[in-house]
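Asker: prediction below, plus the sequence it came from.
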Amino acid sequence: MSTIVIEYLLDRGNKEKERALNNWLEEDNENRQLFLEIKEIWEASGNLPAEQFNLSAGWEALSCRVGCKNDRAADK
């Protein structure tokens, strides 16, 4: 069911999956509560600022990790 919920939130579902979601929601109040909580979190996450990625710092960190692994391998 989680895949269908995600596809619904991404607006990628089809009529069959939408029917399955609606049936699941009607089965139990807990299902509706869970769906509403997931939807609320999903919608709130769209309000978060996009994190900026520093390419230079990322490359330096990756280079260090690769270099450190190679140094350890050479020591063996």
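Answerer: That came through, no problem.
Asker: hey, let's count contacts and neighbours off CA atoms from now on
Answerer: Will do.
Asker: list phi and psi for residue 2.
Answerer: phi -60, psi -40 (degrees, to the nearest 10).
Asker: the helices in this protein, which residues?
Answerer: Assigned by DSSP state H, the chain shows helices spanning 2-9, 15-27, 29-45, 55-75.
Asker: just put these in TSV and tack on mean neighbour count and mean pLDDT.
Answerer: Output for those, formatted as TSV (neighbours: other Cα atoms under 10 Å; pLDDT from 0 to 100):
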stretch	mean neighbour count	mean pLDDT
helix 2-9	14	88
helix 15-27	14	95
helix 29-45	13	92
helix 55-75	11	69
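Asker: thought residue 24 was touching residue 31?
Answerer: Yes - with contacts counted by Cα atoms under 8 Å, residue 24 reaches residue 31, the gap being 6.8 Å.
Asker: put the alpha carbons of stretch 16-24 into PDB.
Answerer: Taking Å, rounded to 0.1, in the frame of the first residue of the first chain, the C-alpha atoms of stretch 16-24 are listed here in PDB:
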ATOM      1  CA  GLU A  16      -7.100   1.400 -10.400                       C
ATOM      2  CA  LYS A  17      -4.600   2.400  -7.900                       C
ATOM      3  CA  GLU A  18      -6.800   5.300  -6.800                       C
ATOM      4  CA  ARG A  19      -9.700   2.800  -6.200                       C
ATOM      5  CA  ALA A  20      -7.300   0.600  -4.200                       C
ATOM      6  CA  LEU A  21      -6.300   3.600  -2.100                       C
ATOM      7  CA  ASN A  22      -9.900   4.600  -1.500                       C
ATOM      8  CA  ASN A  23     -10.900   1.100  -0.500                       C
ATOM      9  CA  TRP A  24      -8.000   0.900   1.900                       C
END
